[in-house]
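Peer 1: Predicted model follows, preceded by the sequence.
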Amino acid sequence: MKNTTVAVTIEGLLEQLPDYYRPSDKELIKRAYYLAEEAHRPQKRASGEPYVMHCLAVASILAELQVPPAVVAAGLLHDTVEDTEITLADLQRDFGGEITNLVDGVTKLTNLPRVSRDDQQATVYDVDKTEASQNTGESDQYPKASLLGRNPDMASETLRKTFLAMDNDIRVVLIKLADRLHNMRTLGFMPDHKRKRIAKQTLEIFAPLANRMGIWQVKWELEDLSFRYTEPQQYKEIASHLASRREIREKKINQMVVQLEKILKIEGIDATVSGRPKHIYSIYRKMIGKNKPFEMVRDIRAVRVLVPGVPDCYSALGLIHTRWRPLPNEFDDYIAAPKDNHYQSLHTAVIHDDGRPLEIQIRTHDMHESAEYGIASHWRYKEGGSGQSSSYNQRIDDIRRMMEWRTDVDDATEFVESMKTDVFQDRVYVFTPNGDIIDLPAGSTPIDFAYHIHTDVGHRCRGAKVNGKLVSLSYELKTGEQVSILTTKRGGPSRDWLNANLGLVKTQRAKSKMRVWFRKQNREQNIVQGRTLLEKELQRVGVKEKTNLEKLAREMGFRNVDDLTLALGHGDLSINAIIPQLPADEEETEELLPSTKSPQSDTEATDAIKVVGLKGLLTHVAKCCNPTAGDEIVGYITRGRGASIHRSDCPNILRTQDTERLVKVSWGSLERTYPVPIEVTSFDRSGLFGDITYVLSNDGINMLDATVKTDRGIAKISLVIEVSDIEELSRLLARIENIPNVLQAQRHNPG
Ligand code: MN
């Protein structure tokens, strides 16, 4: 937030309240404070401060956003119902329905049901409750140990509730964001292992949430605070680089500000120019994106130009581009094409007089308010009018539209994943044949597009053209492309579309609509379809004879085989969920494939990495670049912590001075693979074999042997491929079978 001085007393908070608050509003806020102060009196924060400091800080952040008085009051009271003796009835009596509902909304987000398990009985709280704001007063009441790590579904459930609250009352989400922001500011008082996890969740969920609501003031601070804990090393380096040149840079920027204002004034543009501090996380993102380590930081100089009207934006841009040479690929017109979160501005970068780049943002004052405060800017215009409330409703509608699928997804983990794809991700903009613009999450395919146009177009989609050329249904759409869908007269979606291995569908919206379609088919038909799907897959990976379907169904929590196949037929259960449950080959010889059932450790213990020449040295995977099997890697001998493994193109490695600390490493025995014979049957055509090897090499799969026989137009291709487990095999066979003209791809079972 701009104002980092947070109120620490009620007097300070009252000073900070927006000008439009009336005396009675201030009275209300005082009353809320005194109640919170008294109720939380026995409690302390992890920092040792009285608990009410947290309540004041949350209210202060909300006041800065200039939300209505009731929301600030609710911010003061947000933890009372959960953490103190105060009840909702008390609040109702003293503060009335609106504030009570807001507090209740925040309480419900965190207040999860009791879970009893064999070995423990505990109440699970949201991370902000269990950890960041752990009070020391009555600590026995709350579990100290985080259950979040052990039970990720509970974490997802909290998040799911938070997202659903966006739908009911966006003000509840604002209080939640303010709560998280203050907890992040005080995260340093938490033990180390908790910091990282909380920071990671903030970076993945809460910062994107603030971004989606357009509240840049909260978004950047959440990002920088999180980054500081997820990548402390990187954070420190960038921060110290920035600090070391601060004085020179600020002096220089001030000169440029004066110069720019003068130039614009001469041409009759009444502009306010200011230096724009760059945030550490955004610098880091840029460094990673452009693969340019530190010259980026050196060149970080940015200013913002605020002007009265839209025509002034373009005049200013024209003047600036005439005076200095613009850098290619750095110009974006978000006024003509606003971002999804309604952000509007012109972005450009020019080569300034000293031969180094200068980034410039140009926007109107209104656009600026809206960019800083997003959905909350609605309350900054008390007079009403000026289109602010229609923009507020538009923002809420947009969020609802992106979450259209919300009632179809019960599973909390899937819900959170869907938020990440459908709501938080960047968008691509494509055109219909009529020239209408459709926005979709990045990575969307023609099927996603078809479902977006109309459910029925989705169901009947059989092919697609992009800019007039036929593309495959797995094609990833890019901004600016024109898409037309080829449909059949009748018929429905293919069950393959729900097979995540094929990557044919990206959006939850499309998936939900398909499931509705499949559910409407009659029960018998769904059972038969599901059974066909299951048997085909068992056959395909070569375990059909070995699988006891009754047992499999029971193990997966179904009453019988029909229920299992019905779930498959509906699309509620995906074939991918079954593969890991399949019986493993007994490990008698090296040739046999392991099941993926055995729990795979996803920790970063990497004893399996073979450090050439340094056998037995402790190794760990570097967090900055997170190499995975297949990446080219290099080891770096740390002081006292063994070797860390980086990608060889990691910026940290590229710029390191201590080259003698680098050691050659390979993935060694990490990836154990098994040779598996498979057989592909296809209509023969030219390029067929090339397509198959393309699929394999794309996945980094080794091919040991290949023979092709053709008979009367049918090709039989026998391959021996190296895979690491049955899941990988299943994925590859599905992909090969999806190649045009291929009839079948199966594991070859001798005998
Ligand atoms: Mn709180």
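Peer 2: Okay, I see it.
Peer 1: what about the helices in the stretch 651-751 of the chain?
Peer 2: Taking DSSP state H, counting those that start in this stretch, the helices of the stretch 651-751 of the chain run over residues 651-654, 688-698, 726-737.
Peer 1: Go through the first one and flag the buried ones.
Peer 2: Of the residues in helix 651-654, 651-653 count as buried by neighbour count, 16 or more other C-beta atoms under 10 Å. C-beta here means a position set from N, CA and C on the backbone, and glycine is covered the same way.
Peer 1: quick revisit: quick one, which of the helices of the stretch 651-751 of the chain is nearest to Met402?
Peer 2: Among the helices of the stretch 651-751 of the chain, helix 726-737 comes nearest to Met402, with 28.9 Å by C-beta to C-beta.
Peer 1: Show residues contacting the closest one.
Peer 2: With contacts defined as C-beta atoms under 8 Å, 6 or more residues apart in numbering, helix 726-737 is touched by 496, 499, 501-502, 537, 540-541, 543, 575-576, 579-580, 582, 584, 593-596, 676, 678, 680, 692, 695-696, 699, 701, 721, 723, 742, 744-747.
Peer 1: Filter these down to the buried ones.
Peer 2: Those of these that meet the buried threshold are 496, 499, 501-502, 537, 540-541, 543, 575-576, 579, 582, 584, 593, 595-596, 676, 678, 680, 692, 695-696, 701, 721, 723, 742, 745-747, by 16+ other C-beta under 10 Å.
Peer 1: Which of these fall within strands?
Peer 2: 676, 678, 680, 721, 723, 742, 745-747 (DSSP state E).
Peer 1: other SSEs contacting the longest helix seen in the chain?
Peer 2: The residue-count maximum for a helix in the chain (DSSP state H) belongs to helix 246-266. Packing contacts for helix 246-266, counted by 3 or more C-beta pairs under 8 Å, 6 or more residues apart in numbering; DSSP states H and E, involve strand 272-275, strand 302-307, helix 310-323.
Peer 1: Quick check: Lys26 touching Gln16?
Peer 2: No: with contacts counted by C-beta atoms under 8 Å, Lys26 stays clear of Gln16, the gap being 11.1 Å.
Peer 1: Pick out the residue in the stretch 101-250 of the chain sitting closest to the ion.
Peer 2: With C-beta to the ion as the measure, Asp179 is the residue of the stretch 101-250 of the chain nearest to the ion, at 4.2 Å.
Peer 1: Could you list the low-confidence segments of the stretch 101-250 of the chain?
Peer 2: The model of the stretch 101-250 of the chain has pLDDT under 70 over residues 110-154, 167.
Peer 1: Show me where it has its helices.
Peer 2: Secondary structure of the stretch 101-250 of the chain (DSSP H, counting those that start in this stretch): helices at 127, 152-168, 170-185, 192-201, 207-212, 216-230, 232-244, 246-266.
Peer 1: angle of the fourth one against helix 152-168?
Peer 2: It refers to helix 192-201. Direction vectors for helix 192-201 and helix 152-168, defined by axes from the mean of the first three to the mean of the last three C-alpha atoms, to 10 degrees, enclose an angle of 40 degrees.
Peer 1: Distance from helix 192-201 to the middle of the chain?
Peer 2: Relative to the centre of its chain, helix 192-201 is centred 16 Å away, using C-alpha atoms, centre = their mean, to the nearest Å.
Peer 1: Output the contacting helices and strands for it.
Peer 2: helix 127, helix 170-185, helix 216-230.
Peer 1: and that helix, C-alpha only, in CSV?
Peer 2: The C-alpha trace of helix 192-201 is given here as CSV (Å, rounded to 0.1, in the frame of the first residue of the first chain):
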residue,chain,number,x,y,z
ASP,A,192,10.9,-20.4,9.4
HIS,A,193,9.2,-23.5,8.0
LYS,A,194,5.8,-21.9,8.3
ARG,A,195,6.8,-18.7,6.6
LYS,A,196,7.7,-20.4,3.4
ARG,A,197,4.4,-22.3,3.1
ILE,A,198,2.2,-19.3,4.0
ALA,A,199,4.2,-17.1,1.6
LYS,A,200,3.8,-19.6,-1.2
GLN,A,201,0.1,-19.8,-0.8
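Peer 1: now the angle from that helix to helix 170-185?
Peer 2: 140 degrees.
Peer 1: Buried residues, helix 192-201. List them.
Peer 2: Applying 16+ other C-beta under 10 Å to helix 192-201 flags 194-199, 201 as buried.
Peer 1: Would you report the backbone torsion angles of Glu535?
Peer 2: phi -60, psi -40 (degrees, to the nearest 10).
Peer 1: now it: how far from Ile678?
Peer 2: Using C-beta to C-beta, to the nearest Å, we find Glu535 at a distance of 18 Å from Ile678.
Peer 1: count of neighbours near the residue of the stretch 401-550 of the chain found nearest the ion?
Peer 2: For the stretch 401-550 of the chain and the ion, the shortest gap (C-beta to the ion) falls at Val416, measuring 21.0 Å. Neighbourhood size, Val416 [other C-beta atoms under 10 Å]: 22.
Peer 1: Run through the residues that contact it.
Peer 2: Per C-beta under 8 Å, 6+ apart, neighbours of Val416: 156, 159-160, 163, 205.
Peer 1: Return the distance of it relative to Arg406.
Peer 2: The value you get for Val416 to Arg406, if C-beta to C-beta is used, is 12 Å.
Peer 1: what is in contact with those two at once?
Peer 2: Phe163.
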